[in-house]
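1. no sequence on this one, just coordinates:
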């Protein structure tokens, strides 16, 4: 009876989530420019209804009284409980205060980012850091975790500093020497085979057709999703109707194509979640690290491999015309899509340097949460680490340094590690998959992703939120999270 | 204080309406084919929340206790009260029973319509008629109205048989002789100037550009709306973001263009509603008859007039190419868009014969509601009237007769008159406007709709739901609803 109440609640919450997801995707793709104010008002109201319904006090009674008829229901109950505690462990008064502060801070950040006006932005960020420290403390008490662990728990349940620290330390020490090696190897390759420039214009309609063909090949189900255009590419919507977007530039076509493949990775996860559980927390994607592992599996493991381009280069010629890549070989494409470069900006980074951007933030935000670092000290601390990890300085221009990301201004602390965990999990999954299916290279070269997707469906997608993030990794790959496979992947791809 | 509660309720209901409207438009335009089941579930849940929130018992107390600070608030309060009574005057048990019955009946109708299997459909319709009689009785008691008046009250507040009957009688008697006259006049015109065939194909992209140009010219605000494609054209969305659709065939371009102009008429009304009241019932469009008057004003009064084509024929050449209508004069286009024909199907009817289709239904549904006619007797009664009014028989094929419309299968009785009231109101508005602005013909020929739209904004759009339908008509046009101006319009357009 109590379970039935939770089940009915799940349906109502799913309806509100459905509305919020589709309205969000619609806003970025099809909304008229003047529709924003009313859309924001409607979404805020719907989010308020969602919050009120998902945190109602009687849910605690239902959770106490509920008995499960099956092991699935037992798991469902545990996830209902976990999400209820996460949603209710902060006092409403605090949530309202934090929402107001982060909204102001994020707005200010949007205004000031372009000019990199750190001084004007600092007071807002200081306010956010104070609130995040409070939040971490309250979550830590409710969950009996360390403060930063309690923050990570929102994004990847089960992630703990104790497990991540040694893995990141291993990866960091590897990358500090690997980045120069990879750059040297790249220089040598480019001396022998210079980078071929792309000669546009590449018409958007052709790029769109190529993107759709790649999505279809990799397994995107167009009966449950679509591709549109938005300023910032995303994968949104709902599992039954995944709304993917990309953006196009006409001077080259690779950034849109690789972006489409990345988002397709997210989309396949959503489309592969168990349909019967879609209204339970148990039926949702496990968390941000696993989600990123699915997008990076497609983008990094599959789509930047030589085998993938055996199949895709002809697809490019078919959709973009023979002239688009006249005389190109697979190595010419790979030189583009696997180009390594030391840079300031995380979102523009390649897979070799990207983890250093993340580890820098992971280290700084722990210190910020634990009070070892104050917001005012960020630029110096950031610069010191950028010099140490990547050999470049950001002190002169905060917009290339600590003002580049939306996460801290919006109060999302504990999220950054998920990106690099995703990259490592993807590599670890690749190893496990290759062990189970030694011929996957041949299959990829033929554009046949059936067996690969079946393995991912069995081991990841269909598991939804059955297990904690670390347990899901171990079950899928046969070993706990580690950096071994990611390091091996980088060596194989970037060294001679 | 009580008014503040109603105001806050209005914001919550507006958010749910916003979600339902955008999700509805999205479903017809951008949803993936496999997304329908979850979409239906989400929308049913959101509609349930809307119903629960809009009929909550405490609203009655707020309405009793509320005092208005201004005359606008006083009007707002009256409309809150009217919609609350309309939403709560039927017992929940009855609403659920009717919803289930009409859903089954509508589904059955969709299945059986194509084959015109009246016998299999009849039991479902009989069930609906029984429920509608009950509903009419309950609404009549709650509103102190006659049963059919109580049904019409849902669609056009203030509409009464006592006022409509004489107007429809006048129009019917006029049309019975006018239709043959108009057909004879058309024959004579076509003898002198034969109908020029349209030579396609007309590319969809060109048709879309032409449609957008026409929308823009007539006053559609693209910062608050857009045009997409759907199987059944509609005007949906919300006033801040109106979602219009059309469909294209490539062998001719006039049906899409005229459809776009019709829906633009609806859209202008929505875009012109007072923004500050958008969360109050008072701020909504008045009703179906007035809404239809706005679409028909654009489609019939403006867009099928010779002046309109002085401006639009060059637009056609610009977007469709010179060959599209090579050698055509305005009279050649008018012969197409004002073609009169006796037909079976209401939605395909021209403006001359259309009212006879409506009056037939208006007469039959009154008898059905009042128990003078049983559902089983519809085919004979329908046929008799079709023969009397239009001289054609539908007895052989119910899909061309009483099975053509969704209204009765879905339980919407009292709606049909709105269509023809709209046509008459549009003609009456035209007369009033022409009196106020004697040069509008010249303005239209130049494609200048500014003054016309200002008059409509002042007299109709900005008035929202301030007045009952009859009062709004009288205030806007200076006289009560009558058939005089519509008859004059038809004579001017169709007779020599």
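-> It's in. These numbers come from a predicted model, not from an experiment.

2. How far does stretch A:298-315 stretch from one end to the other?
-> End-to-end span of stretch A:298-315 (CA to CA, to the nearest Å): 17 Å.

3. List the buried residues of it.
-> Residues of stretch A:298-315 classed as buried: A:298-305, A:307-313, A:315 (neighbour count, 16 or more other CB atoms under 10 Å in any protein chain shown). Where C-beta positions appear, they are placed from N, C-alpha and C, glycine not excepted.

4. again with stretch A:474-484
-> A:476, A:477, A:481, A:482, A:483.

5. In contact with the residue of the stretch 51-200 of chain A found nearest chain B, which residues are there?
-> The minimum distance from the stretch 51-200 of chain A to chain B, using CB to the nearest CB, falls at residue A:53 (9.0 Å). Residues in contact with residue A:53 (CB atoms under 8 Å, 6 or more residues apart in numbering or on different chains) are A:9, A:12, A:13, A:16.

6. overlap between the residues you listed and the residues near chain B?
-> A:12, A:16 (CB under 8 Å from any CB of the partner chain).

7. Select from the contacts of residue A:53 every entry located in helices.
-> A:9, A:12, A:13, A:16 (DSSP state H).

8. Next, give me the two most distant ones among those residues.
-> Farthest pair in the ones in helices among the contacts of residue A:53 (CB to CB) is A:9 and A:16. Separation: 10.8 Å.

9. Looking at those two, which one has more neighbours?
-> Neighbour comparison, residue A:9 and residue A:16: the larger count goes to residue A:16, with 23 against 20 (by other CB atoms under 10 Å in any protein chain shown).

10. okay, the more buried one: pLDDT?
-> Residue A:16 carries a pLDDT value of 97.

11. correct me, but residue A:410 touches residue A:107?
-> No: contact criterion CB atoms under 8 Å: residue A:410 and residue A:107 do not qualify, at 10.0 Å.

12. Comparing the two, which residue is more hemmed in?
-> Using other CB under 10 Å, the more surrounded residue of residue A:410 and residue A:107 is residue A:410, with 15 against 12.

13. now that one: how far from chain B?
-> According to CB to the nearest CB, to the nearest Å, residue A:410 and chain B sit 23 Å apart.

14. ok now the host helix or strand of residue A:48, how far from the chain's centre?
-> Assigned by DSSP states H and E, residue A:48 belongs to helix A:36-54. Relative to its chain's centre, helix A:36-54 lies at 24 Å (CA atoms, centre = their mean, to the nearest Å).

15. quick one on the thing from earlier: out of the ones in helices among the contacts of residue A:53, which is nearest to chain B?
-> For the ones in helices among the contacts of residue A:53, the nearest to chain B is residue A:12 (5.7 Å; CB to the nearest CB).

16. burial count for that closest one?
-> 19.

17. What of residue A:167?
-> By other CB under 10 Å, neighbour count at residue A:167 equals 19.

18. Return the distance of it relative to residue A:289.
-> From residue A:167 across to residue A:289, the span is 12 Å (CB to CB, to the nearest Å).

19. ok, and the closest non-adjacent residue to the most centrally placed residue in chain A?
-> Taking CA atoms, centre = their mean as the criterion, residue A:292 is the residue nearest the geometric centre of chain A, at 4.0 Å. Spatial nearest neighbour of residue A:292, excluding adjacent residues (CB to CB, 6 or more residues apart in numbering or on different chains): residue A:422 at 2.7 Å.
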